[in-house]
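# okay, predicted coordinates and the sequence, questions at the end:
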There are 2 protein chains.
Amino acid sequence: MSLSKNKIRYIRSLEAKKHRKEEGVFLAEGPKLVGELLGHFPCRLLVATSEWLKDRPVLTDGIQEIIVASHEELSRASLLKTPQSVLALFEQPFLEVDTEAARRSLCLALDGVQDPGNLGTIVRLADWFGIEHIFCSLNTVDVYSPKTVQATMGGLARVKVCYTDLPTLLDSLEGVPVYGTFLDGGNMYNEVLSETGLIVMGNEGNGISAEVASRINRRIYVPTFPADRLAAESLNVAVATAVVCAEFRRQAVGR
Amino acid sequence: MSLSKNKIRYIRSLEAKKHRKEEGVFLAEGPKLVGELLGHFPCRLLVATSEWLKDRPVLTDGIQEIIVASHEELSRASLLKTPQSVLALFEQPFLEVDTEAARRSLCLALDGVQDPGNLGTIVRLADWFGIEHIFCSLNTVDVYSPKTVQATMGGLARVKVCYTDLPTLLDSLEGVPVYGTFLDGGNMYNEVLSETGLIVMGNEGNGISAEVASRINRRIYVPTFPADRLAAESLNVAVATAVVCAEFRRQAVGR
């Protein structure tokens, strides 16, 4: 069996959200990432070199279709600059919005994050910091975009990412601490940070939308160094998310 | 005056490191970034719409060449997905390696960071955390790559980034604390972190090279949450840099 032109065209078409949505699948590339996702998501199609396949008889159980391909064929299907020895199409999970998650645990909410790499990096760091739920506003970039999937480094297998109207979600969370970073927020190192609740992070250029900001009850700030340093204007959103999550977890452990 | 085909070709050629090096210039795009860099670096060429130019008579003093261009012309010269109303070519500064900087202040060293976006994000967060010197190994990606310049968000104007042989630099720093993150390092929250010295961050896939690792005298670790969580394997290098720098600065302020 080899990789047909039609299959290559089909795989590459999944760069577009419209096609991913119609097909209900997403693309992942590379031995490490594909290896992590197998077993977490039903696999519709796996394309790999014979070398990759021969050492993994068990892993490939239950895969709908397996195609042995040459490196050259794989590189024609690949969306990466450096094509790998395996790629796979997985089914997008149907995730119900767990509105109670923020009452039991620390969760993230993303309000209009636009860059696929940033979203993937956030999923990856959420995995590191044991955050299991990310609620994305409806205008946040698609987590199944190939660039995002690659940047999660497998975090997608453990972190539940779902899309919902954030104001409605926040309105349902009465009594839950909802954190957001603002230039006029309180220095987060001087705050007692909760072990449950929601941390909202905003859009790369515009921050948190007014509609969501009005529903935030704990305004915090990542201090610059020195604290009165005015030159630097902001942190990348994934970086800011990481610094905030790290501090929540540091305090929780120290308590 | 309008933007000639030759000029467009010249600007776009600066995507290649070879051409940037030969010309000694780098490209920056967008009103905010160009505005921040003007005044910090000699500007060889500025291309902007008449609207952008008319409000900035002072800013444009001393620029070698200014070309008024239409949006359409600018978009043909641009390397961005969303072309802006201004782009500029700046001279690359000649930065001597300040080998004593790590004795006076907290500095970063990057050992083989490969992704232009990661490097730019690190420059941006160094700016936020008041880190003025970044020493890059000779195999670290070029800080004047257009993607890196864009991701610095102007941090390049305040953070000195220079390239040097890291083992040689480290050998000259006897008595200076040299930190690096390792899976078997000490939990950084349990360490007393120094206010001066060097924090080494490694390559995206392979971490810190053996040559550099042997010269690190403080091995630290960013704990996962919970601490025994094994699933997530790593953090993105810019994210890890941020979490580490934030903790150094938190401790310095709290002292």
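That came through, no problem.
# tell me where chain A has strands.
Here chain A has its strands, by DSSP state E, at A:25-29, A:43-48, A:66-68, A:86-91, A:106-111, A:133-136, A:160-163, A:178-187, A:197-202, A:218-221.
# any idea how far the residue nearest to A:Ala213 when sequence neighbours are not counted is from A:His133?
The shortest distance from A:Ala213 to any non-neighbouring residue, by CB to CB, 6 or more residues apart in numbering or on different chains, is to A:Gly180 (6.5 Å). Every residue, glycine included, has its C-beta placed from N, CA and C. Per CB to CB, to the nearest Å, A:Gly180 is found 17 Å from A:His133.
# of those two, who's got more company?
Shown here are A:Gly180 and A:His133; by other CB atoms under 10 Å in any protein chain shown, A:Gly180 has more neighbours (24 against 21).
# got the contact list for that one?
By CB atoms under 8 Å, 6 or more residues apart in numbering or on different chains, the contact list for A:Gly180 reads A:Ile199, A:Val200, A:Met201, A:Gly202, A:Ile208, A:Val212, A:Ala213, A:Ile216, A:Arg218, A:Arg219, A:Ile220.
# pretty sure the last one contacts A:Gly185?
If I follow you right, that is A:Ile220. Yes: under the criterion of CB atoms under 8 Å, A:Ile220 makes contact with A:Gly185 at 4.4 Å.
# between the two, which one's more packed in?
Comparing A:Ile220 with A:Gly185 by other CB under 10 Å, the one with more neighbours is A:Ile220, at 22 against 16.
# residues in contact with A:Ile122?
Shown in contact with A:Ile122 (CB under 8 Å, 6+ apart): A:Leu108, A:Leu110, A:Val113, A:Ile134, A:Met201, A:Val237, A:Ala238, A:Thr241.
# just to revisit the earlier point, could you turn the buried ones of the contacts of A:Gly180 into a PyMOL selection?
Listed next is the PyMOL selection for buried residues among the contacts of A:Gly180, using 16 or more other CB atoms under 10 Å in any protein chain shown:
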select buried, chain A and resi 199+200+201+202+208+212+216+218+219+220
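# circling back to that earlier point, can you list the strands of chain A in a markdown table and add mean pLDDT and distance to B:Val176?
A markdown table is the format used below for the strands of chain A (pLDDT from 0 to 100; distance: least, CB to CB, whole Å):
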| stretch | mean pLDDT | distance to B:Val176 |
| --- | --- | --- |
| strand A:25-29 | 98 | 41 |
| strand A:43-48 | 95 | 48 |
| strand A:66-68 | 93 | 54 |
| strand A:86-91 | 97 | 44 |
| strand A:106-111 | 98 | 37 |
| strand A:133-136 | 98 | 40 |
| strand A:160-163 | 97 | 43 |
| strand A:178-187 | 94 | 30 |
| strand A:197-202 | 98 | 36 |
| strand A:218-221 | 96 | 32 |
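# which stretches of chain A form helices?
A:5-13, A:17-23, A:31-37, A:50-54, A:71-77, A:101-104, A:116-128, A:146-152, A:166-171, A:210-213, A:237-254 (DSSP state H).
# which other residues reach stretch A:40-58?
Contact partners of stretch A:40-58, identified using CB under 8 Å, 6+ apart, comprise A:3, A:7, A:11, A:25, A:31, A:34-35, A:37-38, A:60, A:62-71, A:73-74, A:77, A:85-91, A:93, A:156-158.
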